[in-house]
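[1] Generate a structure from the sequence data that follows.
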Amino acid sequence: MRLETVFGLKGRTALVTGSSRGIGAAIAEGLAGAGAHVILHGMKTGGAATVRQRIIDNGGTADELVSDLSEPGAGRSLIESAEAIAPVDILVINASAQINAVLEDLTPEDLSFQLTVNLGSTVDMLQSALPRMAARRWGRVVSIGSINQLRPKGIVTAYAATKAAQHNIIQSQARDYAKDNVLLNTLAPGLVDTDRNAGRRDADPEAWADYVRTLNWMGRAGQPEEMVGAAIFLSSQACSFMTGESIFLTGGY
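    Predicted coordinates for the structure are as follows:
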């Protein structure tokens, strides 16, 4: 069997939330490189323009949508807008909210914001996308989780809880939609060197280097591009007998 038959995404359309930067941008470019038409998503008009241009420059095709997933119902509206462009075969749920706060410092507003973005919008998107995928008898959902869904750190109490709950939702829907050839899985990174961690890294590079050296067996942070291979696998025919699972990319955390 040819590799492009197993891993190729020609003729598929992928919506990648939070794809203006970081892991989402890397995955969007990777899916485009595998042949998918990519619908980028960001919070600001033109926020993903640079990513879109890189995809086009490399021979791919992409559109861009704007949506604030902290607004109630925004996830459902985003799917409907994407479906107006092309049927969404692959949904990568990457956009997330993370507020660093231990439990006693977590405000109601902090909690509500993370619950809405990480869980409310996930439910909205799945409610809209999954029946459409099932009707077409093919679909892939890749939820970007976190090592914190399995090993939560106190400083990200709410974020870790939402990521565990998000994977629980993925598992429940994986069971319900398996017979329709709609497969849902979680890609769970460890520490990845993105702008979410840039403040801590740049504030004290020496302390950051010491931290990452002891964090995992590889002694370093991951790079966004290192998430792409697993994302392509989970988006393609290659994972045709896998659903409801998590792939942990942690450097041996």
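[2] quick one: the helices in the stretch 151-253 of the chain?
    157-177, 198-203, 205-215, 228-235 (DSSP state H, counting those that start in this stretch).
[3] Start and end of stretch 130-147, how far apart?
    Length of stretch 130-147, first residue to last, CA to CA, to the nearest Å: 25 Å.
[4] quick revisit: among the helices of the stretch 151-253 of the chain, which is nearest Asp63?
    Closest to Asp63 of the helices of the stretch 151-253 of the chain, according to CB to CB: helix 228-235, at 17.3 Å. C-beta: built from backbone N, CA, C; applies to glycine.
[5] The helices of the stretch 151-253 of the chain: lowest mean pLDDT?
    The minimum mean pLDDT among the helices of the stretch 151-253 of the chain belongs to helix 198-203 (a mean of 82).
[6] And the strands in the chain?
    Assigned by DSSP state E, the strands in the chain fall at 13-16, 37-42, 62-66, 90-93, 139-144, 182-189, 246-249.
[7] mind giving me TSV with those strands and columns for mean neighbour count, mean pLDDT and distance to Met218?
    TSV is the format used below for those (neighbours: other CB atoms under 10 Å; pLDDT from 0 to 100; distance: least, CB to CB, whole Å):
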stretch	mean neighbour count	mean pLDDT	distance to Met218
strand 13-16	28	98	26
strand 37-42	26	98	29
strand 62-66	19	98	32
strand 90-93	28	99	25
strand 139-144	26	98	20
strand 182-189	25	98	13
strand 246-249	18	98	11
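[8] Columns distance to Ala207 on top of these, output as JSON lines?
    Formatted as JSON lines, the strands of the chain follow (distance: least, CB to CB, whole Å):
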{"stretch": "strand 13-16", "distance to Ala207": "33"}
{"stretch": "strand 37-42", "distance to Ala207": "31"}
{"stretch": "strand 62-66", "distance to Ala207": "37"}
{"stretch": "strand 90-93", "distance to Ala207": "32"}
{"stretch": "strand 139-144", "distance to Ala207": "27"}
{"stretch": "strand 182-189", "distance to Ala207": "21"}
{"stretch": "strand 246-249", "distance to Ala207": "24"}
